[in-house]
Every structure is written in structure tokens, then in C-alpha cells.
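Q: Whatever this is, show me its structure:
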Amino acid sequence: MPGNLGAADLGTPTTRVMPNSLCRAFSHRRDIAAVVNQYQNGESQVSLWVTTGASRKSWTCPRRLTSSALATLRSFYDSCNGPQKAFFFYDLVNHKDAVYDPSGTATTGRYTVRFDGPWQQTIIPGRSDCPVSFVEIA
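A: Next up is the predicted model:
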């Protein structure tokens, strides 16, 4: 049907690995998905969405990027069609045993992730804010 979007290609990201120059720019975060019901008498009821207690890993870019780092990140974002294609990310900050592998074959410290939302950026003289984030999918 014209105008329909195709399904996201979240399969194995055999050719897409985040560039090494960007791997240290992202900070790790864990979220536990829960449903919270607030009642009029002030009580609340909380239930987890995941029964195993596992959390979802995500990464955000809290630092201001130089123009060359921003251009590299934008080019990589575009090559992944934004949040539509999965890629490998090596967490070189939080996973001390991780060794960057541009081919994506090394598994230590490697995560399969996808971008989480549209591209956003704020340009100021010298550096740029780019609150892009990505989440683990496998």
C-alpha cells in the first residue's frame, strides 16, 4: 500500500559498528520498566513489566560534541536510518575488558543496540549538544 513504512531491520547488524571515536562519548544507564497506578487517596500500586527483574540498558550522550564528532555521529545515524537498523556498540567506559573491534566480531563489551528516537541537536559556538540515545535490543 502506498505510504506505508517497512518494518525496521533489527536483525543482526553484521556491517554496522559505531565508530571508535564515539564509543567513549556515551554514558550508560539502566531502566526498569514498571507500571505505576496512583489512587485518589494517595496510595500507589507498582508492578514490573519484566518478571525476571532485568533492566534495559541504554546510553545517552551527555557531553557537548565537536563539529567533527557531531558530523561522524550524524553520518552513522543516517547510515542506520535512524532507529530503524540495529548496530553494534562497544561500551569502552563501563566494560573495562572491552576491546574495540571495527568488524564487530569481538563479543566482550559488545551490545546490539538501536537508536531510540529522532535526531536532535543544538549548535552553539565551538561545540554542539546532541541528546541522541540508543537502547539494547538483544
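Q: can you pull the contacts of D31?
A: By C-beta atoms under 8 Å, 6 or more residues apart in numbering, the residues touching D31 are S55, R56, S58. Placement of C-beta: from N, CA and C, glycine included.
Q: Now the residue nearest to the last one when sequence neighbours are not counted: which helix or strand?
A: To tie it back to what came earlier, the one meant is S58. For S58, ignoring the flanking residues on the chain, the nearest one in space by C-beta to C-beta, 6 or more residues apart in numbering is V135 at 4.5 Å. Using DSSP states H and E, the element containing V135 is strand 133-136.
Q: who touches that strand?
A: Strand 133-136 has contacts (C-beta under 8 Å, 6+ apart) with 26, 56-61, 89, 111-117.
Q: quick one: which two of these are the most distant?
A: Between any two of those, the greatest separation by C-beta to C-beta is 18.8 Å, found for C61 and T112.
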